[in-house]
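[1] quick one: sequence and predicted model below, then my questions.
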Amino acid sequence: MPKESGMAWTTCSVDASDTSVEVLKNDVTSLTISTPRAEQDVTGLDKSGHERLLLLADVSIGLTGVFNDDAGASHAAFGDCATTSVLRTVTLTISGQNLATAAPPEMFIMDYSLSRGADGSFTWTVPMLNGDGATVAWA
């Protein structure tokens with residue numbers, strides 16, 4: 001496959017707390033995806049370099065976007081995160097690649113931070129963490 005830009009995502013959606021799917025790709029202006037692994041240092045006294053074991057896998061996703069309070073938009077999906085503790089299905093697709101487990105990842109929304117800039121912009125950030133214990137991969 002040739003090199004590609006990060007433009008024109010096919011899907012970027014997060015379930016609202018009532019499990020209605022909110023399609024957000026028009027509101028999202030940037031995102032980060034991290035799939036770290038924990039590690040355990042098991043270096044014995046007989047080694048001169050580190051010896052490690054890979055442990056649990058994790059995933060975190062951070063979305064940034066422009067405030068939109070229309071029905072089916074970002075505020076509808078994230079506005080109640082301070083009062084709900086439900087897992088949200090996250091669907092990300094670009095160039096035919098899906099971030100997935102056996103199903104899309106189930107994430108907890110950790111914050112819905114709104115910011116009004118000095119220039120008048122009104123944006124939000126949403127960090128999400130893995131909540132169902134499944135590992136993810138691009139497929």
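    Received, thanks.
[2] might you report the residue contacts of the residue nearest to G79 when sequence neighbours are not counted?
    Excluding the flanking residues, the one nearest G79 by CB to CB, 6 or more residues apart in numbering is Y112, at 6.7 Å. (Each C-beta comes from the backbone N, C-alpha and C, glycine too.) Contact analysis of Y112 by CB atoms under 8 Å, 6 or more residues apart in numbering lists F78, G79, C81, A82, W124, V126.
[3] so the last one is in contact with I109, correct?
    To tie it back to what came earlier, the one meant is V126. Yes: when contacts are counted by CB atoms under 8 Å, V126 is listed as touching I109 (5.9 Å).
[4] so what sits against both of those two?
    The contact lists of V126 and I109 share V14, F78, C81, where a contact means CB under 8 Å, 6+ apart.
[5] quick check: which ranges of the chain have low pLDDT?
    Along the chain, segments meeting pLDDT under 70 span 1, 101-102.
[6] could you pull out the helices for it?
    Using DSSP state H, the helices found in the chain span residues 74-78.
[7] centroid residue for it?
    Geometric centre of the chain, nearest residue: I61, 2.3 Å, by CA atoms, centre = their mean.
[8] need the nearest residue in space to that residue, chain neighbours excluded.
    Nearest-residue entry for I61: M128, 4.7 Å, with adjacent residues in sequence omitted and distances by CB to CB, 6+ apart.
[9] repeat for T89
    For T89, the spatially nearest residue (CB to CB, 6+ apart) is D15, at 4.5 Å.
[10] now do that neighbour against R37, distance only.
    With distances taken as CB to CB, to the nearest Å, D15 is found 26 Å from R37.
[11] settle it for me: which of the two has more neighbours?
    Taking other CB atoms under 10 Å, D15 and R37 do not tie; D15 has more neighbours (19 against 11).
[12] CA atoms only for stretch 12-19, dumped as CSV, please.
    What follows is stretch 12-19 as a C-alpha-only set of coordinates in CSV (Å, rounded to 0.1, in the frame of the first residue of the first chain):
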residue,chain,number,x,y,z
CYS,A,12,-15.0,8.4,13.6
SER,A,13,-17.9,7.7,15.9
VAL,A,14,-18.6,7.3,19.6
ASP,A,15,-21.8,6.0,21.2
ALA,A,16,-23.7,8.4,23.3
SER,A,17,-24.5,7.1,26.8
ASP,A,18,-27.9,5.8,25.6
THR,A,19,-26.0,3.7,23.0
